[in-house]
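Colleague: structure of the sequence below:
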Amino acid sequence: MNRGDMTNSTETTLPAGRDVGLRDASLRSRWDYTFAYLVLRLWLGLRALFIGIEKFSSYKSVAVPLIDPTTGQPDASGVMVNVNIKSYALANYAGVPASLRDKFAHEPFIPKFALVVFDKMLGPAFILTGIMLLIGLGTRVSLLAQALIYIALTVGLVLIDQPDGVAYLGIHIGLVAAALLLAQHNRFTVLKKW
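Modeller: Just a heads-up that it's a prediction; the model follows:
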C-alpha cells in the first residue's frame, strides 16, 4: 500500500439535498434581517417626518353653532361652542414647545443662543432625516443624525427633570441603535455606503 494515497482528512460531505436546505435557510435568514431593518427604517423615518411636520402645527379655537343631534341643524337658540381646529403653517413653527422653552430659559447650563439654534433646527432636522430614511438616501448618516438629536433632547430633559420624557427617548435611541446594527442588511436604498 502506498502511503501517498492515504489522506488524513476528516472531511465529510453532506447529501446534496441537505446542502440546498442549509443555503435556503441562510438565504431566508438574511431576508429576515433585511425585512427587520426595513421595518425599523420605515418606522423611524415616518416617526421623524411627522415629528418635524407637527412642529408646524397649531390649534385655533373657533366658535361654531351648536348642532342639534336630532335634526342635524344649528340649535334654534343660537348657542355657540368653541371648537379647536388644527392648522399647519410656517408661521406656527415651534421646535421646542413653549412650556418647555420657559423651563429651558431658566436652566443656567444651557446657553440662550444654543436654545435658539436648537429650536430653529429641530423641526427641519427631523423632516430631513425622516425623508432620507424613507427613500434610503444615506440611511446610516440619517440614523446617526437622529441618534444625536435624541441624545440632545435627552440631555435637555434631564436638565429640566423630565424623567418620563427621558425614558421615552431612550426607547427611540434603542430603536436607532438596532437599525444601525441591521444596516448591513439594507437592500432597498439609494446610497448603500452611507
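Colleague: so which residues of this structure form strands?
Modeller: Under the criterion DSSP state E, the chain contains strands at 57-65, 80-88.
Colleague: and of those strands, who's closest to residue 172?
Modeller: strand 57-65 (20.2 Å; Cβ to Cβ). Placement of C-beta: from N, CA and C, glycine included.
Colleague: picking up where we left off before, for the strands of the chain, give me CSV that also has distance to residue 183, mean pLDDT and mean neighbour count.
Modeller: Below are those laid out as CSV (distance: least, Cβ to Cβ, whole Å; pLDDT from 0 to 100; neighbours: other Cβ atoms under 10 Å):
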stretch, distance to residue 183, mean pLDDT, mean neighbour count
strand 57-65, 32, 87, 11
strand 80-88, 32, 88, 11
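Colleague: of all these, which one is nearest residue 176?
Modeller: Closest of the strands of the chain to residue 176 is strand 57-65, at 24.3 Å (criterion: Cβ to Cβ).
Colleague: may I have that closest one as PDB, with CA atoms only?
Modeller: Taking Å, rounded to 0.1, in the frame of the first residue of the first chain, the C-alpha atoms of strand 57-65 are listed here in PDB:
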ATOM      1  CA  SER A  57     -49.000  72.800  13.600                       C
ATOM      2  CA  SER A  58     -51.200  74.900  15.800                       C
ATOM      3  CA  TYR A  59     -54.700  74.700  17.300                       C
ATOM      4  CA  LYS A  60     -57.000  77.700  16.900                       C
ATOM      5  CA  SER A  61     -60.300  78.000  18.900                       C
ATOM      6  CA  VAL A  62     -63.200  78.800  16.600                       C
ATOM      7  CA  ALA A  63     -66.800  79.500  17.700                       C
ATOM      8  CA  VAL A  64     -69.400  77.400  15.800                       C
ATOM      9  CA  PRO A  65     -73.100  77.000  16.300                       C
END
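Colleague: which residues does stretch 87-96 contact?
Modeller: The contact list for stretch 87-96 (Cβ atoms under 8 Å, 6 or more residues apart in numbering) reads 53, 55-60, 101, 104, 115, 118-123.
Colleague: let's go with 6 Å and repeat that
Modeller: 55-58, 119, 122-123 (Cβ atoms under 6 Å, 6 or more residues apart in numbering).
Colleague: so which of the residues you listed is the closest to residue 183?
Modeller: Taking Cβ to Cβ as the measure, residue 183 lies nearest residue 122 of the contacts of stretch 87-96, at 24.2 Å.
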